[in-house]
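Novice: quick one, structure for this:
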Amino acid sequence: MTLNYARSALILIDIQNDFCPGGALAVKGGDEVIEPLNRLSGLFAANGGRVIATQDWHPADHVSFRELWPVHCVQGSAGADFHASLDLKSACLIVRKGFRRELDSYSAFFENDRETSTGLDGFLKALSIDTLVLGGLATDYCVLFSALDAVALGYKTIVVSDAIRGVGIPTGSVERALESLKEAGVTLAPSGEIQ
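Specialist: Model (predicted):
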């Protein structure tokens, strides 16, 4: 799979300490996405592609802590930091999401009200980006919603199959997410096929 890097962006989704082993909302094998994504970051940087990272960035009293999830990725905390092994030197943009107290955000593009934009789409369109390659955490939430929004916004969308890991809550959510991605027209490809 050969990319036109001048029109492509790699999006590293929520590769933060709290989502990696030992974190407050740890995804099993979450740190295993880092090596293939670091390799792709280098490839994008060497060929003029863009690298973007997203970061969960919650206030301490965020709505999702009351209803859904344990306290995680609190603004300024060690848990909200990117994993130390993640190579961000090529990143041209960091998109912080979920920072509004009463509004959660899974997608890199929209808050969960499906109306409030993160600004990412405008940034990409201004650069004439038409192809997105996504990897990170977690398959069944932030990767899923980001990829579905990317397709809906008109981007050719590729999810790196060996650089995603899922929460798996509720049971079967990862399998349903992968099926939803395929049905939406997202390409699932291993990192080794991207060049």
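Novice: which parts of the chain are strands?
Specialist: Assigned by DSSP state E, the chain shows strands spanning 8-13, 50-56, 91-97, 131-137, 156-165, 187-189.
Novice: which strands border the fourth one, and is each parallel or antiparallel?
Specialist: Strand 131-137 has the following strand partners under DSSP bridges: strand 8-13 (parallel), strand 156-165 (parallel).
Novice: what residues sit buried inside the helix or strand of the chain with the lowest mean pLDDT?
Specialist: Least confident helix or strand of the chain, by mean pLDDT, DSSP states H and E, is helix 63-67 with a mean of 91. Neighbour-count burial for helix 63-67, counted by 16 or more other CB atoms under 10 Å, picks out 63-65. In short, each C-beta sits where N, CA and C put it, glycine included.
Novice: and of those, the nearest to Ala163?
Specialist: Ser64 (24.6 Å; CB to CB).
Novice: tell me the contacts of the closest one?
Specialist: 58, 98, 104 (CB atoms under 8 Å, 6 or more residues apart in numbering).
Novice: swap in 6 Å and give it another go.
Specialist: Ser64 makes contacts with Asp104, as judged by CB atoms under 6 Å, 6 or more residues apart in numbering.
Novice: report the separation between it and His58.
Specialist: 7 Å (CB to CB, to the nearest Å).
Novice: so where do the helices sit in this structure?
Specialist: Secondary structure of the chain (DSSP state H): helices at 34-46, 63-67, 120-126, 144-152, 173-184.
Novice: and the angle for the fourth one with strand 50-56?
Specialist: Angle between the axes of helix 144-152 and strand 50-56 is 140 degrees (criterion: axes from the mean of the first three to the mean of the last three CA atoms, to 10 degrees).
Novice: please apply the same query to the last one.
Specialist: Computed with the same axes, to 10 degrees, the direction of helix 173-184 lies at 140 degrees from that of strand 50-56.
Novice: before we move on, the earlier item: so which of the strands paired with strand 131-137 gets nearest Leu178?
Specialist: Closest to Leu178 of the strands paired with strand 131-137 is strand 156-165 (CB to CB; 8.7 Å).
Novice: list the contacts of that closest one.
Specialist: 27, 29-30, 33, 36-37, 131-135, 139, 143, 147, 150-151, 186-191.
Novice: buried deepest among the helices of the chain, which one?
Specialist: Of all the helices of the chain, helix 144-152 carries the top mean neighbour count, a mean of 23, counting by mean count of other CB atoms under 10 Å.
Novice: cool, thanks, signing off.
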